[in-house]
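**Student:** Build me a structure from this.
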Amino acid sequence: MTATPGFARITLPLAAINFLNQGNRALVATIGPLLAIEFGLSAAELGLLAACFFGAYAVAQLPIGVALDLHGPRKVQSTLALVSAAGFVICAAAPDVVVLAVGRMVCGFGLAAGLMAMLKANTQWYPRHRVAAVTGAGLFLAGLGGVSATVPVQWALPLLGWRGIFVMLAVLSLAAAAWIRVAVPDRPPGAMMPQRRSLTHEIAEFGRIFRDPSFLRFLPAVMVLSALNFTFQGLWAGPWLRDVGGLADAPRAAALLIFALGLVTGSLATGQAASFAQARGFSPMFVPYLGIGGTLAAQAVLVLATPSGFWGVSAVWFLFSFCGSVGVSGYAAMGQGFPPELQGRVATAINFAMLVLVFALQTGIGAILDLWPRQADGGWDRAGYAAALSLTFLLQMISALWIVVAPKGRFHDQQSRRDGP
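**Tutor:** The predicted structure is shown next:
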């Protein structure tokens with residue numbers, strides 16, 4: 001009997017590219033003020049620069065979903081890691097903000113399969129109730145990339161500059177590509193090769209996904225939950241900590257580190273909790289429901305009772321990122337309503353919708369901040385941040401209410417029979 005590869009061969013190499021993914025998307029929150037000064041960017045322009053990565057990331061999702069289902073995570077992810085390396089080189093050499101934006105978009109294409117490839121591999125190799133736990137463990141390690149984009153990057157900037165940081169990311173991308181290609185197995189023993197059908201037929205399967213009542217019922221809440229973490233860790237938490245929290249560069253980097261630690265520890269804890277709860281008969285969406293409540297509470301505090309001092313603001317942002325990390329458990333839960341051959345496309349369909357929202361939020365928050373006069377120190381008015389956070393709170397509240405009023409489909413019916421009255 002062929003031995004089954006373990007976590008070190010299935011999930012860990014794919015977590016490496018997610019390490020770079022999370023580090024790259026959090027990087028602008030740390031170096032954003034430097035870029036704004038060097039290139040003379042407004043809040044809307046800085047938001048657009050950060051959002052270029054997510055825009056390209058979103059465009060790549062649906063074709064990557066088809067590729068993952070047909071060719072497997074090993075081939076797709078190792079190839080795309082080479083693309084991300086090229087994107088980091090472009091960023092490092094960028095003479096102006098336009099070329100930097102192009103580099104960010106190339107990085108978006110190259111890193112677009114990160115979480116999806118890991119989810120696809122995990123659903124192939126692990127029992128259904130274990131997928132959330134194993135994916136959460138992988139994201140715990142991947143989340144260290146977001147941690148590295150805070151205080152470590154702040155320390156490295158005087159030595160390497162922001163361009164040197166991008167060079168280092170390019171080297172790490174090449175190493176990750178080689179590791180994935182060598183270590184990750186193609187498919188479980190005895191698994192059938194995907195049936196080769198026309199590309200038109202494979203793409204048409206997305207229509208089946210986006211018409212599914214259960215998918216449409218949970219999609220808004222799950223995508224908003226993840227999008228808020230991407231939006232704020234990727235850019236706007238850093239300026240908020242400076243302009244509203246009143247933190248200088250060093251404590252601001254430390255607070256962003258705590259934000260990233262919330263995401264890292266939350267990925268591990270909520271993934272384990274979701275698998276634990278499902279194994280004992282709870283709905284796969286039970287833990288994501290709790291995460292929605294936690295992020296709503298954190299946003300309410302940031303709008304209505306702005307905390308003061310380093311530990312006060314850090315604690316609220318930790319709660320925000322810890323609870324928001326449960327969005328990945330929502331991805332795993334929604335995938336359970338579909339057959340294995342569609343898992344790559346289900347995950348990328350969710351991610352596509354979520355990343356479109358991230359693009360809109362990152363640019364939209366910048367536009368909201370620009371409605372108020374720029375501060376003398378180059379920052380933005382705290383009233384603008386309050387308005388933006390009020391908007392994200394309302395958006396998440398509406399998405400949560402949609403779960404209650406939306407039609408209940410096949411996934412709900414299966415879970416109701418399993419859970420009992």
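**Student:** ok, now how distant is D377 from R242?
**Tutor:** According to C-beta to C-beta, to the nearest Å, D377 stands 9 Å off from R242. All C-beta atoms are positioned from the backbone trio N, CA, C, and that covers glycine.
**Student:** So between these two, which is more surrounded?
**Tutor:** R242 (21 against 7; other C-beta atoms under 10 Å).
**Student:** Not counting its own residues, what contacts whatever helix or strand the more buried one lives in?
**Tutor:** Assigned by DSSP states H and E, R242 belongs to helix 237-243. Helix 237-243 has contacts (C-beta atoms under 8 Å, 6 or more residues apart in numbering) with 28-30, 32-33, 43, 232, 247-248, 252, 255-256, 259, 313, 317, 375, 379-382, 385.
**Student:** do stretch 385-403 as well
**Tutor:** 217-218, 220-221, 223-225, 228, 231, 236, 240, 243-244, 292, 295-296, 299-300, 302-303, 361, 364-365, 368-369, 371.
**Student:** same question for that stretch, mean pLDDT?
**Tutor:** Averaged across stretch 385-403, pLDDT comes to 95.
**Student:** mind checking how far that stretch is from the chain centre?
**Tutor:** 18 Å (C-alpha atoms, centre = their mean, to the nearest Å).
**Student:** got the CA positions of it in PDB?
**Tutor:** Taking C-alpha atoms only, stretch 385-403 is exported to PDB below (Å, rounded to 0.1, in the frame of the first residue of the first chain):
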ATOM      1  CA  TYR A 385     -11.900  57.100   8.700                       C
ATOM      2  CA  ALA A 386     -15.000  57.000  10.900                       C
ATOM      3  CA  ALA A 387     -17.200  57.400   7.800                       C
ATOM      4  CA  ALA A 388     -15.300  54.600   6.000                       C
ATOM      5  CA  LEU A 389     -15.600  52.200   9.000                       C
ATOM      6  CA  SER A 390     -19.300  53.000   9.300                       C
ATOM      7  CA  LEU A 391     -19.700  52.000   5.600                       C
ATOM      8  CA  THR A 392     -17.800  48.600   6.100                       C
ATOM      9  CA  PHE A 393     -19.900  47.900   9.300                       C
ATOM     10  CA  LEU A 394     -23.100  48.500   7.400                       C
ATOM     11  CA  LEU A 395     -21.900  46.300   4.500                       C
ATOM     12  CA  GLN A 396     -21.100  43.400   6.800                       C
ATOM     13  CA  MET A 397     -24.400  43.800   8.700                       C
ATOM     14  CA  ILE A 398     -26.400  43.600   5.400                       C
ATOM     15  CA  SER A 399     -24.400  40.500   4.300                       C
ATOM     16  CA  ALA A 400     -25.100  38.800   7.700                       C
ATOM     17  CA  LEU A 401     -28.800  39.600   7.400                       C
ATOM     18  CA  TRP A 402     -28.900  38.100   3.900                       C
ATOM     19  CA  ILE A 403     -28.100  34.700   5.400                       C
END
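**Student:** buried sites along that stretch?
**Tutor:** 385-393, 395-396, 399-400, 402-403 (16 or more other C-beta atoms under 10 Å).
**Student:** ditto for stretch 348-361
**Tutor:** 348-359, 361.
**Student:** Distance from the chain centre to that stretch, please.
**Tutor:** Stretch 348-361 sits 10 Å away from the centroid of its parent chain (C-alpha atoms, centre = their mean).
**Student:** before we move on, what about stretch 98-105?
**Tutor:** A distance of 20 Å separates the centroid of the chain from that of stretch 98-105, by C-alpha atoms, centre = their mean.
**Student:** could I have that stretch exported to CSV, CA atoms only?
**Tutor:** The C-alpha coordinates for stretch 98-105 follow below in CSV (Å, rounded to 0.1, in the frame of the first residue of the first chain):
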residue,chain,number,x,y,z
VAL,A,98,3.0,53.5,-13.2
VAL,A,99,5.6,50.8,-13.5
LEU,A,100,5.2,50.0,-9.8
ALA,A,101,1.5,49.5,-10.4
VAL,A,102,2.3,47.2,-13.3
GLY,A,103,4.6,45.2,-11.1
ARG,A,104,1.9,44.9,-8.5
MET,A,105,-0.5,43.5,-11.1
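**Student:** List the contacts of it.
**Tutor:** Under C-beta under 8 Å, 6+ apart, the answer for stretch 98-105 is 35, 39, 48-50, 52-53, 55-56, 87-94, 166.
**Student:** buried residues in it?
**Tutor:** 100-105.
**Student:** Stretch 46-65 now?
**Tutor:** Buried residues in stretch 46-65 (16+ other C-beta under 10 Å): 46-62, 64-65.
**Student:** which ones among the residues you listed are found in helices?
**Tutor:** 46-62, 64-65 (DSSP state H).
**Student:** and which of the buried residues of stretch 348-361 is nearest to Q272?
**Tutor:** Here the nearest of these to Q272, counting by C-beta to C-beta, is I350; it sits at 21.1 Å.
**Student:** C-terminal to the host helix or strand of that closest one, what's the next element?
**Tutor:** Element membership for I350, per DSSP H and E: helix 343-369. Proceeding N to C from helix 343-369, the next assigned helix or strand is helix 382-405, under DSSP H and E.
**Student:** got the angle between that next one and helix 343-369?
**Tutor:** Orientation note: helix 382-405 sits at an angle of 150 degrees relative to helix 343-369 (axes from the mean of the first three to the mean of the last three C-alpha atoms, to 10 degrees).
**Student:** Tell me how far helix 382-405 lies from the chain's centre.
**Tutor:** Mean C-alpha position of helix 382-405 versus that of the full chain (C-alpha atoms, centre = their mean) differs by 19 Å.
**Student:** May I ask which helix or strand encompasses L20?
**Tutor:** In this assignment (DSSP H and E), L20 forms part of helix 12-39.
**Student:** three-state assignment of the residue nearest to F218 when sequence neighbours are not counted?
**Tutor:** Distances taken as C-beta to C-beta, 6 or more residues apart in numbering place M334 nearest to F218, at 5.5 Å, with adjacent residues excluded. Here M334 is helix, with the state taken from DSSP: H, G, I helix; E, B strand; the rest coil.
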